[in-house]
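Visitor: How does the following fold in three dimensions:
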Amino acid sequence: MAGKFQTALRLVYPPRCLCCGGMVESDFGLCTGCWRDTAFIGGLVCDLCGVPLPGTADAADTVHCDDCISIARPWARGRSALLYRDAARRMVLALKHGDRHDIVQPAAGWMIQAAQPILLPDLLFAPVPLHWTRMLRRRYNQAALLSTAIAARLGQSHCPDLLTRHRRTASLDKTSRDSRFATLASAISITTARRPIIAGRTVVLVDDVMTSGATLAACSEACLAAGAAQVFVLTLARVAKDA
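Guide: Have a look, this model is predicted:
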């Protein structure tokens, strides 16, 4: 009976590509064209932000990109699943602004795959927070949806309100790197009631996109100041200079 119901459901609602909406063979998949246009990150990557680097990957390699060499990162390690361009950019924006919650589970799977080299026992996953006014307007935090899905799949601890964005900041989309860091300084802190759970833990901060790293730096500094042993970062997409 269940099989017949699923068949009937597929006739009425055939599987659609996550990106373009074209028909595909299975639920939550990408069509051939969108798969080709989605820049999945693999091979040798920066150990701090996950951006791909030239060269051959080796288990012993710990390398950093130019940005992570020139900018002091307060977190210890990081990974990203996609380059922020083409189909990946469209999916990130659809998740962020278009109520496309169907993207969450496949995106979480891609992020877990990218995070394999940095996964440890007893991690504490937490999303980058939104200010309450932005949360009220958007109705959800896409970073929290991703972190919830990732932690559940891995059977790891999750704290959706570990961090608080107590000062609203203007959009950072078209601002310089220095402006981003200055704007976010002291804008994020640990939620007071959550301080007891962070001491001595490795925190994994989850966000949809890393651009300059200013938001992740502010979150990392707040976690370390509250007693976290170390901080890792995990993003769905990474903005690269050639993207």
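Visitor: Ser189 and Arg165, how far apart?
Guide: Ser189 is 9 Å from Arg165, where distance means C-beta to C-beta, to the nearest Å. C-beta: built from backbone N, CA, C; applies to glycine.
Visitor: Could I get the full set of helices for the chain?
Guide: Using DSSP state H, the helices assigned to the chain run over residues 2-12, 32-36, 66-70, 86-97, 104-115, 132-138, 142-154, 177-184, 214-225.
Visitor: Of those helices, which is nearest Gly42?
Guide: Closest approach to Gly42 among the helices of the chain is made by helix 104-115 (8.3 Å; C-beta to C-beta).
Visitor: Which elements pack onto the closest one?
Guide: When contacts are defined as 3 or more C-beta pairs under 8 Å, 6 or more residues apart in numbering; DSSP states H and E, helix 104-115 packs onto strand 77-83, helix 86-97, helix 142-154, strand 230-238.
Visitor: now for the ones you listed, which one comes closest to Val24?
Guide: Proximity to Val24 (C-beta to C-beta) singles out helix 86-97 among these, at 13.3 Å.
Visitor: neighbouring contacts of the closest one?
Guide: Applying C-beta atoms under 8 Å, 6 or more residues apart in numbering, the contact partners of helix 86-97 are 18-20, 30, 34-35, 37-39, 82, 84, 100-101, 103-104, 107, 138, 142, 145, 208-209, 236-237.
Visitor: Output it as CSV, nothing but the C-alphas.
Guide: The C-alpha atoms that make up helix 86-97 are tabulated as CSV, following Å, rounded to 0.1, in the frame of the first residue of the first chain:
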residue,chain,number,x,y,z
ASP,A,86,26.5,29.7,-10.5
ALA,A,87,24.0,27.0,-9.4
ALA,A,88,25.4,27.0,-5.8
ARG,A,89,24.8,30.7,-5.5
ARG,A,90,21.2,30.3,-6.7
MET,A,91,20.6,27.6,-4.2
VAL,A,92,22.1,29.5,-1.3
LEU,A,93,20.0,32.6,-2.1
ALA,A,94,16.9,30.4,-2.5
LEU,A,95,17.5,28.9,1.0
LYS,A,96,18.3,32.3,2.5
HIS,A,97,15.5,34.4,1.0
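Visitor: Can you give me the buried ones in it?
Guide: 86-92, 94-96 (16 or more other C-beta atoms under 10 Å).
Visitor: what's the answer for stretch 114-134, then?
Guide: For stretch 114-134, by 16+ other C-beta under 10 Å, it's 114-115, 118, 123-131.
Visitor: Just the mean pLDDT for that stretch, thanks.
Guide: Mean pLDDT, computed over stretch 114-134, is 95.
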